[in-house]
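Novice: Okay, here's the prediction I keep looking at, along with the sequence it came from:
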Amino acid sequence: MSDKPGFLGQVMGVLYRPREIFSTVDEDDLMKGLVVVLLMIVLGSYSTMVYMGKIPLTVIAPQLEGQDIGAMGGSMGLFAGIGAGVSMLVVWAVSTLILHGLGKVSGGDGSMKRFFAINGFVAVPSLLNQVLRVVDASIMDSASLVGYFVAYQEISSKLVKAIIGVNILNIWAIAGIALLVIGLEENYKLDRGRAILVALIQTVLMFALTYFTG
């Protein structure tokens, strides 16, 4: 491209011409990439807050049944939202650092600052997913949420819980992985096979972390 698109042009372009857009991303676009990530985190935190705010505290912590929980019940959603936001930020930052290390180890040569910018734009599908979650959280009724929460808690298999927790079996996550592969190719000049391998190794590492800490 002869002319570099603006922020909105880059965000929208990632969805239908990612390689062309990633080629325009440089180190100076770091703040733009971080804006995408922060928007994703804010929306994710808010949706979690709304979801958890609709579930009675006695369902989340049955041992509190019959006790005077006072204002604690109304604060659960807020605490859950803050926790979700911090978790999303840490996971994104750590996974980006891991990917940079893997990109270097696999023979690539690219800027870490530029990759942080690129990986910010890789989060565009996740951002769109969080927009839908906010809408869903707003219209979902409490009884349905309680049913989903109880059903999840009753899952005895750590493997199944880890698969659900890592959240990769949906169109948004698959689109994100596809964008990640292209981003790795662009920043580290890796061939397709090595880029896919790096992306898969990072995904397996995050799955293992979810499995052993879940």
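Specialist: Structure's in. What do you need? Numbering: from 1, shown residues only.
Novice: Could I get the buried residue list for the longest helix anywhere in the chain?
Specialist: The longest helix of the chain (DSSP state H) is helix 72-105. In terms of neighbour count (16 or more other CB atoms under 10 Å), helix 72-105 has its buried residues at 76-77, 80-81, 84-85, 88-89, 92, 95-96, 99-100, 102-103. Bear in mind the C-beta positions are built from the backbone N, C-alpha and C, glycine included.
Novice: Quick check: buried residues in whatever helix or strand comes next after that helix?
Specialist: Sequence-wise, the next helix or strand beyond helix 72-105 is helix 112-122, with elements assigned using DSSP states H and E. Buried residues in helix 112-122, counted by 16+ other CB under 10 Å: Met112, Arg114, Phe115, Phe116, Ala117, Ile118, Asn119, Gly120, Phe121, Val122.
Novice: need those residues in JSON lines with pLDDT and distance to Arg192, can you?
Specialist: Shown next, in JSON lines, are those (pLDDT from 0 to 100; distance: CB to CB, whole Å):
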{"residue": "Met112", "pLDDT": "96", "distance to Arg192": "22"}
{"residue": "Arg114", "pLDDT": "97", "distance to Arg192": "20"}
{"residue": "Phe115", "pLDDT": "97", "distance to Arg192": "17"}
{"residue": "Phe116", "pLDDT": "98", "distance to Arg192": "22"}
{"residue": "Ala117", "pLDDT": "97", "distance to Arg192": "22"}
{"residue": "Ile118", "pLDDT": "97", "distance to Arg192": "17"}
{"residue": "Asn119", "pLDDT": "97", "distance to Arg192": "18"}
{"residue": "Gly120", "pLDDT": "97", "distance to Arg192": "22"}
{"residue": "Phe121", "pLDDT": "98", "distance to Arg192": "19"}
{"residue": "Val122", "pLDDT": "97", "distance to Arg192": "16"}
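Novice: from the residues you listed, which is closest to Ile21?
Specialist: Of all these, Ile21 sits closest to Phe121, with 7.0 Å by CB to CB.
Novice: Where do the helices of the chain begin and end?
Specialist: Using DSSP H, the helices of the chain run over residues 7-13, 18-22, 30-53, 57-60, 72-105, 112-122, 124-139, 142-153, 158-166, 171-188, 192-213.
Novice: which one of these has the most crowded surroundings?
Specialist: helix 112-122 (a mean of 24; mean count of other CB atoms under 10 Å).
Novice: ok, back up a step: any idea how far the longest helix of the chain is from the middle of the chain?
Specialist: Relative to its chain's centre, helix 72-105 lies at 8 Å (CA atoms, centre = their mean, to the nearest Å).
Novice: Which strands or helices does it pack on?
Specialist: Helix 72-105 sits against helix 30-53, helix 57-60, helix 112-122, helix 171-188, helix 192-213, with contacts defined as 3 or more CB pairs under 8 Å, 6 or more residues apart in numbering; DSSP states H and E.
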